[in-house]
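Visitor: Just the structure for this:
(chains A and B)
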There are 2 protein chains.
Amino acid sequence: MQLGHRPKLSGNLLCKVVSIMQIDTKITNQTHTFTTMASEPKFLEKGNLSGFLQSYDTFMLDCDGTLWEVDHITAIPGIDKAINMLNGLGKRILFVTNNSVHSNLNYKLKFQNFGFDAPEDHIFGVAYATAVYLKDIAKIDGLIYLVGSPGMASEFSKAGIDYFGFGADPDKASWDPKDLLEMEFRPNVKAVVVGYDEHFHYNKIYKAASYLQDPECMYVASNDVEISFPLAPGRMQPVTGTLVKTVSTAARKEPIVVGKPHPLFLDCVMKKHPEIVKERTVFIGDSLKADIGFANNVGIDSAFVLTGTHNLDHMNSGEFPKPTYVMKSLADILDI
Amino acid sequence: MQLGHRPKLSGNLLCKVVSIMQIDTKITNQTHTFTTMASEPKFLEKGNLSGFLQSYDTFMLDCDGTLWEVDHITAIPGIDKAINMLNGLGKRILFVTNNSVHSNLNYKLKFQNFGFDAPEDHIFGVAYATAVYLKDIAKIDGLIYLVGSPGMASEFSKAGIDYFGFGADPDKASWDPKDLLEMEFRPNVKAVVVGYDEHFHYNKIYKAASYLQDPECMYVASNDVEISFPLAPGRMQPVTGTLVKTVSTAARKEPIVVGKPHPLFLDCVMKKHPEIVKERTVFIGDSLKADIGFANNVGIDSAFVLTGTHNLDHMNSGEFPKPTYVMKSLADILDI
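Guide: Residues are numbered from 1 along each chain as shown, chains lettered A, B, ... in the order given. Purely as a prediction, here's the structure:
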């Protein structure tokens, strides 16, 4: 799930891009050193696309706002052909998304719906990545209290993780401390994991905060930078970041976070793909905070696309991490 | 509801108090001016109790941790007699509590249970105070979305406030934006009010954050400093502050807060008791943050009691507002 404004794509966009980039360069010339100027984002177009494609073997792609619009439904023209072209060039494509609602299998089916395909082990929904973290990195041996999505439950089951708490909380709501103290708590809970949960409820906050009073109980969040999402005018959907903030507040603890922009996501990907060479890897995404921030945090190159969360004004505001490249859409690679 | 540690009351407490106060005074002598020294808390004991009682006409008393222990159940010895003594001296006693679970009538019955009584219009549960704020100060004319407690619903009804949302949310939980967009939203919601709500649920966060996208819709919280409360070892009860933080995060807005330590609570009290003279009023409570902070914020004297949330180490840590006076328990006034 992604935040923020959907950019208005128009025929004049390229002109606008070039014009803003020029202004930017001018300012840069006046006030910055050559090194800073060299790190300003390069706009990808016909002349430099071939070099761009040759520079990388691994293309990590964000999903919402990059492969389809942030409404999760509307196709972005040409994305199917672009993915198929990268496949044809023999590139390793990895799909890396903070959306924790879906399992990797769901993503595979969604990709097919949009006209391209991917092997399941090339898909890293944060639900799956969180399972990889718990199983292969933290190596948690024991019970996990999950405040999470169907996708997380599905990936946890597939990984053989012993979890409970998924779905509506079974206990009756009560403000009475006596009732709260009588609710069932399982012994030896080794971790509390928080992701997107449409059944998020007072009882779950109480239970998560309570388990976390045990200093041996680990606190893991699938992702945290996505706070709430404007679904429509006057409709603001809370997403994982809000739920994580709630549990952190009540428990007075901060979680280990798997999702972008946290570097842990790359550890999870490389656990399954140790063959990846960071210098030959580029991350392509629409969120300056999550995607470009992630690339910068782990030290890989990045390309910022204007089909989702952020636009050029955001990029030039100085408030967000700077990408290596900018392009209107991932489909621009077809212009080669 | 109150936070934190319950002080260990013991026979040695007075010695400890005097000893800490002495150390404190010594440090003060060395490093502070006379004005600061004069503002160090005075310990109330036999010698100065009579002057203390003569200095004030209005005694504002916190409830949880001041009239009974923070578990809401255990009596503090002598409190009934102390209240009855203040009544006998013709003092105006006002009960001012951030606990939003109960209505004023509930408090009256609870007082009777503990052996004292109060006219209902001398009780200011924050549920009632919030109703006073909405009706008599903000003068909200229209519908209110309430994420709150039975006490708030009861006080709102009594005040003739037009509210909805109380109790379990009626809509089916769903992660699907399509379902979220189909949920019923009422037009012309003039305010979202958040308090303690044991039915707090994802759908309520979504609805509150959505109504708050209207810049004309006011955002009010009953209280915010009480975050979570250790009910028992390994049992951490989230309270109003956690729920308010959640809605604020999703809505990206900050509320107007009625509860202590915010000065608005005094405006609500004085709306009903305009006869109060601040110079002749003292606030007595166990929370340095909520009670003593409130007294300092509104410019009235305060007495800190050691029967609840905070202890002398907290008081001397420099991290909390300083009271005018300290006493072991409100019941100490019986030593006169």
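
Visitor: Report the beta-bridge partners for A:Ala75.
Guide: Beta bridges link A:Ala75 to A:Trp68, judged by DSSP bridges.

Visitor: so how many other residues sit close to it?
Guide: 13 (other C-beta atoms under 10 Å in any protein chain shown). Every C-beta, even on glycine, is put in place using the N, C-alpha and C of the backbone.

Visitor: wait, it sits on A:Phe116?
Guide: No: the criterion here is C-beta atoms under 8 Å, and A:Ala75 misses it with A:Phe116 at 10.9 Å.

Visitor: And the residue nearest the centre of chain A?
Guide: Central residue of chain A (C-alpha atoms, centre = their mean): A:Asn98, 2.5 Å from the mean position.

Visitor: Next, find the distance separating that one from chain B.
Guide: A:Asn98 sits 14 Å away from chain B, going by C-beta to the nearest C-beta, to the nearest Å.

Visitor: how about that residue, what does it touch?
Guide: For A:Asn98, the contacting residues are A:1, A:126, A:222-223, A:225-226, A:240, A:259-260, A:290, by C-beta atoms under 8 Å, 6 or more residues apart in numbering or on different chains.

Visitor: quick check, nearest of those residues to chain B?
Guide: A:Met1 (9.1 Å; C-beta to the nearest C-beta).

Visitor: Enumerate the residues of the stretch 1-150 of chain A near chain B.
Guide: Contact residues (C-beta under 8 Å from any C-beta of the partner chain) of the stretch 1-150 of chain A with chain B: A:71-72, A:101, A:149-150.

Visitor: which of the residues you listed count as buried?
Guide: A:72, A:101, A:149-150 (16 or more other C-beta atoms under 10 Å in any protein chain shown).

Visitor: hang on, the earlier thing: right, and out of the residues of the stretch 1-150 of chain A next to chain B, which lies closest to chain B?
Guide: The closest of those, once distances to chain B are taken by C-beta to the nearest C-beta, is A:Val101, at 5.0 Å.

Visitor: Just to check, the closest one is in contact with A:Ser154?
Guide: No: A:Val101 is not in contact with A:Ser154 according to C-beta under 8 Å; the separation is 10.5 Å.

Visitor: who touches both of these two?
Guide: A:Ala127.

Visitor: returning to that earlier point: now the buried members of the contacts of A:Asn98.
Guide: A:1, A:126, A:222-223, A:225-226, A:240, A:259-260, A:290.

Visitor: that older thread, B:Cys268: which of the buried ones among the residues of the stretch 1-150 of chain A next to chain B is nearest?
Guide: A:Ser149 (41.7 Å; C-beta to C-beta).

Visitor: now the closest one: how far from A:Tyr133?
Guide: Between A:Ser149 and A:Tyr133 the computed distance is 16 Å (C-beta to C-beta, to the nearest Å).

Visitor: picking that back up, reformat the contacts of A:Asn98 into CSV and put secondary structure and pLDDT next to each item.
Guide: What follows is those, written out as CSV (DSSP: H, G, I helix; E, B strand; the rest coil; pLDDT from 0 to 100):
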residue, secondary structure, pLDDT
A:Met1, coil, 39
A:Val126, helix, 96
A:Ser222, coil, 98
A:Asn223, coil, 97
A:Val225, coil, 96
A:Glu226, coil, 95
A:Thr240, helix, 97
A:Gly259, coil, 98
A:Lys260, coil, 98
A:Ala290, helix, 97
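
Visitor: Pick the one among these closest to A:Asp179.
Guide: Scanning the contacts of A:Asn98 for proximity to A:Asp179, where the rule is C-beta to C-beta, the winner is A:Thr240, at 28.6 Å.

Visitor: out of everything not next to it in sequence, what's closest to the closest one?
Guide: Distances taken as C-beta to C-beta, 6 or more residues apart in numbering or on different chains put A:Tyr196 closest to A:Thr240, at 4.6 Å, once the chain neighbours are dropped.

Visitor: Give me the secondary structure label for the one you found.
Guide: Secondary structure, DSSP: H, G, I helix; E, B strand; the rest coil: A:Tyr196 is coil.

Visitor: what does A:Val326 give?
Guide: strand.

Visitor: Identify the residues contacting it.
Guide: A:Val326 neighbours (C-beta under 8 Å, 6+ apart): A:17, A:21, A:41-44, A:303-306, A:312, A:315.

Visitor: mind listing the helices in chain A by residue range?
Guide: A:13-31, A:34-38, A:46-55, A:79-88, A:104-113, A:126-132, A:150-158, A:177-182, A:202-211, A:240-251, A:264-272, A:293-298, A:312-316 (DSSP state H).

Visitor: out of those helices, deepest packed?
Guide: Comparing the helices of chain A by mean neighbour count (mean count of other C-beta atoms under 10 Å in any protein chain shown), helix A:126-132 ranks first with a mean of 29.

Visitor: That one - contacts with which helices or strands?
Guide: helix A:150-158, helix A:264-272 (3 or more C-beta pairs under 8 Å, 6 or more residues apart in numbering or on different chains; DSSP states H and E).

Visitor: what stretches of chain A score poorly on pLDDT?
Guide: Where chain A drops to pLDDT under 70, the residues are A:1-38.

Visitor: Test my guess that A:Val96 contacts A:Phe283.
Guide: Yes: counting by C-beta under 8 Å, A:Val96 touches A:Phe283, with 7.3 Å between them.

Visitor: Need the overlap of contacts for these two.
Guide: With C-beta under 8 Å, 6+ apart as the test, A:Val96 and A:Phe283 both reach A:60-62.

Visitor: What's the local residue count around A:Ala191?
Guide: 23.

Visitor: could the shared contacts of A:Val96 and A:Phe283 go into TSV alongside neighbour count?
Guide: Below are the shared contacts of A:Val96 and A:Phe283 laid out as TSV (neighbours: other C-beta atoms under 10 Å in any protein chain shown):
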residue	neighbour count
A:Met60	28
A:Leu61	25
A:Asp62	27
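
Visitor: so of those residues, which ones are in strands?
Guide: Within the shared contacts of A:Val96 and A:Phe283, residues falling in strands by DSSP state E are A:60-61.

Visitor: between the shared contacts of A:Val96 and A:Phe283, which is nearest chain B?
Guide: Of those, the one sitting nearest to chain B (C-beta to the nearest C-beta) turns out to be A:Asp62, at 18.4 Å.
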